[in-house]
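Visitor: show me how the following folds:
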Amino acid sequence: EQDVSAFTFTTPPGLLANLSSVPTCPEPQAARGECSQASELGTATVAAGAGSDPLYLSGHVYLTGPYNGQPFGLSILVPAAAGPFNLGTVSIRASIAVNPATLALTITTGVGGDSIPQIIDGIPLRLRTIDVNIDRPGFFFNPTNCKPMSITGTISSTQGASAAESSRFQAVNCATLKFTPKLTALPRANGEFAGHGASLHIAIAGPAGQANMRSLKVDLPQRLPARLETIQGACPESTFDANPAACPKASVIGQALVATPILAGLMAGPAYLVAKGGKTPIGTSAFPDMVLVLQGDGVRIDLRGEVYVSEKNITSTTFRSIPDVPIRRLDLILPEGKTSILAASSGLCTKKPLRMSTAITAQNGARVKPTVKVAVEGCKHKRPKHHKKRRATHRKLP
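Guide: Residues are numbered from 1 along each chain as shown. The predicted structure follows:
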């Protein structure tokens, strides 16, 4: 058959790599094939030769830094030595792309002239099989959604042909995973003054080893409604899709931070209001989306939530498709100001507490609907009045 020149494959959503646990091999060491054992992910074995008894050669696979425009890469090194013949080390480079919506990994070879070598020093390799085994402990972890999925890929030949391949994948025992996220909310009391709007800080924490979030719905207290004039300043969808940095400043309504064990550092970025179809009709269901653009270690995630204001002036946001990713903590900070997304319809520092309705669904189908008591920050509590006690007078007995 035709010789293999390149391949690409994509992991199913939720089958992720713990990239923070492995130091990447930097350039130019990766280009020279001089990666250290600290960056090793596993082994690679190839069968080469045209006859019925091919030669099996084994090497190593390393995680590298940015490669071919993607945040990570692979360096696959296999020594080509057989008896007295030593053709040196065969190096195959691959890029690792991260899907911004699902965080699925796509590994690709053959980009930028990095096709699989076919001949070395005039000797054809005739590769029959390529076996890559990623077995570093703790590097891959399973999804928390047990629906049937697939690992998909495409194999290309030296003569331009291609074959699409798919391998079934399904995790098990997802229903046994616990799901006890904790949500807190904290507005500031000075948001009740006219012209300042209202601020709000929402934080969600997820314990390790539990099911990951799939969706989140938050209904804000009625006394924290959305400002329609701010909604009308949403960024057109076409502008956002082309370059979020080109959106109007008024469409940036806050900031978000996410801590995940996948990456070494925090993912952070602005929260945008994005108008669907470029229009924001008020009074209909076509309110803009809130999009959290999170970046860290070269990886970008877009979390999109649907904003809606009911007839009772209750503002809600629904994130329907959160990637199957372990999130240790998510912080959404909506500051006050003249263009803040939230206002305060009445005083926040009252005896009547603010309450926020929520619904959080896990990847395994578990669901919790906690009602969160919103603690207002910055309230000046009045001191209780103390009544002066009359001193008792004692008369001396005669």
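Visitor: might you list the low-confidence residue ranges for the stretch 51-200 of the chain?
Guide: Residues of the stretch 51-200 of the chain meeting the criterion pLDDT under 70: 111-113, 188-196.
Visitor: and the helices in this structure?
Guide: 29-32, 228-231, 237-242 (DSSP state H).
Visitor: right, and the ones you listed - which one's nearest Ile262?
Guide: Closest to Ile262 of those is helix 29-32 (CB to CB; 21.1 Å). In this view, the C-beta of every residue, glycine as well, is placed from N, C-alpha and C.
Visitor: relative to Val78, how far out is the nearest residue to Ser58 once chain neighbours are set aside?
Guide: The shortest distance from Ser58 to any non-neighbouring residue, by CB to CB, 6 or more residues apart in numbering, is to Thr45 (4.6 Å). For Thr45, the distance to Val78 (CB to CB, to the nearest Å) stands at 8 Å.
Visitor: again, but for Pro54
Guide: The span separating Pro54 from Val78 equals 14 Å under the rule CB to CB.
Visitor: more neighbours, these two?
Guide: Val78 (22 against 15; other CB atoms under 10 Å).
Visitor: beta partners for the more buried one?
Guide: In this entry, Val78 is beta-bridged to Val90, by DSSP bridges.
Visitor: right, and it touches Val46 too?
Guide: Yes - when contacts are counted by CB atoms under 8 Å, Val78 is listed as touching Val46 (5.7 Å).
Visitor: what residues are shared contacts of these two?
Guide: The overlap between the contact sets of Val78 and Val46 (CB atoms under 8 Å, 6 or more residues apart in numbering) consists of 57, 90.
Visitor: on that earlier part again, what touches both of Thr45 and Val78?
Guide: Common contacts of Thr45 and Val78 (CB under 8 Å, 6+ apart): 57-59.
Visitor: now rank those residues by neighbours and give me the top one.
Guide: Counting by other CB under 10 Å, top hit in the shared contacts of Thr45 and Val78: Gly59 with 20 neighbours.
Visitor: please name the nearest non-neighbouring residue to Ala268.
Guide: Leu257 (4.8 Å).
Visitor: do you know the pLDDT at that neighbour?
Guide: According to the prediction, Leu257 has pLDDT 97.
Visitor: bridging residues for it?
Guide: Partner residues in beta bridges with Leu257, using DSSP bridges, are Ala268, Asp331.
Visitor: picking up where we left off before, would a markdown table of the shared contacts of Thr45 and Val78 with distance to Pro236 be doable?
Guide: A markdown table is the format used below for these (distance: CB to CB, whole Å):
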| residue | distance to Pro236 |
| --- | --- |
| Leu57 | 55 |
| Ser58 | 54 |
| Gly59 | 50 |
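Visitor: run through the residues that contact the closest residue to Gly296 other than its chain neighbours.
Guide: Nearest residue to Gly296, sequence neighbours excluded (CB to CB, 6+ apart): Met267, at 3.7 Å. Counting by CB under 8 Å, 6+ apart, Met267 makes contact with 257-260, 294-296, 299, 301.
Visitor: please apply the same query to Leu63.
Guide: For Leu63, the contact set (CB under 8 Å, 6+ apart) comprises 19, 22, 24-25, 39, 41, 72-74.
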